[in-house]
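Colleague: Provide a 3D model corresponding to the input given below.
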Amino acid sequence: MEKQVTGTIRATDEPVGSRSLLSATVAYAVLGVAGLVAIGRFPAATETGEQLVAWFRENGQGVRWFVWAWTLTIPPLAIMIAFFRRLLPAVYRDVFLVGAISYLVAVEIGTWSWAGLALHADQLNPAIARTVLDVVIFLGPVLTGSTTTMMAPVTLLALRGRAQLPVWLGVLGAVAFFEQAVETITIFGAKGFLQPGGAMNMQLGAMLTLTWLLAFGVWGGVRANAISPA
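Modeller: Numbers count the residues shown, from 1 in each chain. Predicted coordinates:
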């Protein structure tokens, strides 16, 4: 059974998320949290090269478990992205897809950089460790471009009451989008909350982005209907 929604868009009564999307969302959440637990405390962005070398020597194995767990998150995240795209109408789905794939690739690059630093921690040079980590911590500020591109079409549709997306998802998306947009200023940060790799990137921004992804996934797995051309 099908019902006309708007213009050239139709929503079917058959949920597309079902167990596949819900299972992928749960797997993504479990593996992501497991990786963070394995690594424990990330080194502070202000630590010296010598402090970083000591941290990697002490936590090298935890870093490898972190990278392994986050590598395993790639398939479920890809499944989530594929299902999310089916919930959106044309143009919106394409903008979302560009942002989502960019997000996935950026996270991959960030994790393999951590693994590289941990590989030969006993031979790590303090100056090199500091330089490489300086590059890695800019993942957070630059990733905001991917997250805002990913969130914008979903948030706009939800707030406008289109594509059967719930308003609460639009509100959550608007909060996360605003924070991510403000977070771009960490590119110019030097210390404290606003520094690259600081609390705004690693705690606040990451938490809001993951909350939005998981909320979208759970709702999509339980309640969503497919969007298809009329």
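Colleague: From the chain's centre, how far out is the helix ranked longest in the chain? Work that out for me.
Modeller: Ordering each helix of the chain by length in residues (DSSP state H) puts helix 92-119 first. Taking C-alpha atoms, centre = their mean, to the nearest Å, the mean C-alpha location of helix 92-119 is offset from the chain mean by 8 Å.
Colleague: in that helix, what's buried?
Modeller: Of the residues in helix 92-119, 92-93, 95-97, 99-100, 102-104, 106-107, 110-111, 113-115, 117-118 count as buried by neighbour count, 16 or more other C-beta atoms under 10 Å. Heads up, the C-betas are built off the backbone N, CA and C, glycines and all.
Colleague: Quick check: next helix or strand after it?
Modeller: Once the chain leaves helix 92-119, the next helix or strand it forms, by DSSP states H and E, is helix 126-136.
Colleague: could you give the angle of that following helix to helix 92-119?
Modeller: 170 degrees (axes from the mean of the first three to the mean of the last three C-alpha atoms, to 10 degrees).
Colleague: helices or strands up against the helix or strand following helix 126-136?
Modeller: Sequence order places helix 139-159 as the next helix or strand after helix 126-136, per DSSP H and E. Packing partners of helix 139-159 (3 or more C-beta pairs under 8 Å, 6 or more residues apart in numbering; DSSP states H and E): helix 92-119, helix 167-183, helix 206-222.
Colleague: change it to 10 Å
Modeller: Packing contacts for helix 139-159, counted by 3 or more C-beta pairs under 10 Å, 6 or more residues apart in numbering; DSSP states H and E, involve helix 74-86, helix 92-119, helix 167-183, helix 206-222.
Colleague: of all these, which lies closest to Trp68?
Modeller: Proximity to Trp68 (C-beta to C-beta) singles out helix 92-119 among the helices and strands packed on helix 139-159, at 8.8 Å.
Colleague: quick one: average pLDDT of the closest one?
Modeller: Per-region confidence: helix 92-119 scores 94 on mean pLDDT.
Colleague: For Phe83, give its distance to Ala27.
Modeller: Applying C-beta to C-beta, to the nearest Å, the value for Phe83 to Ala27 is 13 Å.
Colleague: With Ala82 instead?
Modeller: Counting by C-beta to C-beta, the gap from Ala82 to Ala27 is 14 Å.
Colleague: ok so, going back, quick one, which of Phe83 and Ala27 is more surrounded?
Modeller: Phe83 (23 against 17; other C-beta atoms under 10 Å).
Colleague: so is the closest residue to that one other than its chain neighbours in a helix, a strand, or just coil?
Modeller: Nearest non-adjacent residue to Phe83, counting by C-beta to C-beta, 6 or more residues apart in numbering: Leu21, 4.4 Å away. Secondary structure state of Leu21, per DSSP: H, G, I helix; E, B strand; the rest coil, is helix.
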